[in-house]
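1. Sharing a model that was predicted from the sequence below.
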Amino acid sequence: MNRPVVLNASGQVVHKFGDVSRETLDRLQIYVDLVLKWQPAQNLIAPSTIPDIWIRHVADSLQTQWSCPDARTWVDIGSGGGFPGVVTAILLADVPDAHVHMIESNQRKVAFLRTALRETGSKGTVHAGRIESVAKGWNHGPVDAVSARALASLDQLFRLSEPFTTQGARAVFHKGQDFQREVNEASDSWTFDMVEKVSLVDPVSRMLLFSNISARPE
């Protein structure tokens, strides 16, 4: 499980882990070690992806913050094992005004996320509860961006993140090769501006950056 370079669809090197700061790389290593340590009891990632954790999960999650680099306050919904929430927090660990909120209903994963933030020295808060409940009662200040990875359909993601996006937050969602169908289906119920970026990890996947999200009148 060596730290990889990240290639684009043409096989060109577009990023090396060595290009991030030594402190960030060290934090990422601590996090990966924690995931592997907790994996047998928690099933934080699909077992088949363990040998490729640096590409399939770490590098993939780095793209979230890269897609919206000026965002300082993030909400990651359905955080699970922390991809991308913890990775975003690690990237922003040395940014004075940055903070990552993670929402997770599974209490054991909540415990893991809190441990990961503490052990990596990253700034974040883990909110234990259902996304709908935490979002509805939000009283933790303005949010710049919302993220999610491998959580739900795009239509459902818009619904879950609506309490934040109606206040001006942007949304960064990872989507696989079927992304265009999800965009088309979501367009029936929502209007939005979208920037589509080819994933650095998987050329058929996309990083989708949304703004000005609004539900269509019924």
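-> Ah, there it is. Numbering: from 1, shown residues only.

2. Assign Met102 to helix, strand or coil.
-> strand (DSSP: H, G, I helix; E, B strand; the rest coil).

3. That one reaches Gly85, doesn't it?
-> Yes. Counting by Cβ atoms under 8 Å, Gly85 is a contact partner of Met102 at 4.2 Å. Where you see a C-beta, it was placed from the backbone N, CA and C, and this is true even at glycine.

4. which regions of the protein sit below the pLDDT cut-off?
-> 1-19 (pLDDT under 70).

5. anything in contact with each of Met102 and Gly85?
-> Asp76, Ser79, Leu113, Gly124 (Cβ atoms under 8 Å, 6 or more residues apart in numbering).

6. What sits closest to the first one if chain neighbours are left out?
-> Nearest residue to Asp76, sequence neighbours excluded (Cβ to Cβ, 6 or more residues apart in numbering): Gly85, at 3.3 Å.

7. Go ahead and confirm the one you found touches Thr125.
-> No. Contact criterion Cβ under 8 Å: Gly85 and Thr125 do not qualify, at 10.5 Å.

8. can you list residues touching both of the two?
-> The contact sets of Gly85 and Thr125 overlap at Val100, Met102 (Cβ under 8 Å, 6+ apart).

9. which residue ranges form the helices in this protein?
-> Here the chain has its helices, by DSSP state H, at 22-42, 53, 60-67, 85-91, 107-120, 131-136, 154-165, 179-187.

10. Including distance to Asn212 and mean neighbour count, could those go into TSV?
-> Shown next, in TSV, are these (distance: least, Cβ to Cβ, whole Å; neighbours: other Cβ atoms under 10 Å):
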stretch	distance to Asn212	mean neighbour count
helix 22-42	32	16
helix 53	35	18
helix 60-67	16	22
helix 85-91	22	29
helix 107-120	30	19
helix 131-136	19	16
helix 154-165	9	21
helix 179-187	13	15
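
11. Turn those helices into a markdown table, including distance to Val143.
-> Converted to a markdown table, the helices of the chain look like this (distance: least, Cβ to Cβ, whole Å):
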| stretch | distance to Val143 |
| --- | --- |
| helix 22-42 | 23 |
| helix 53 | 29 |
| helix 60-67 | 14 |
| helix 85-91 | 13 |
| helix 107-120 | 18 |
| helix 131-136 | 10 |
| helix 154-165 | 5 |
| helix 179-187 | 20 |
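
12. Looking at these, spot the one closest to Glu218.
-> Among the helices of the chain, helix 154-165 comes nearest to Glu218, with 13.3 Å by Cβ to Cβ.

13. give me every residue that touches the spatially most central residue of the chain.
-> The residue at the geometric middle of the chain, judged as the C-alpha nearest the mean C-alpha position with Cα atoms, centre = their mean, is Pro84 (3.1 Å). By Cβ under 8 Å, 6+ apart, the residues touching Pro84 are Asp60, Ser61, Leu62, Gln63, Thr64, Gln65, Asp76, Ser147, Arg149, His174.
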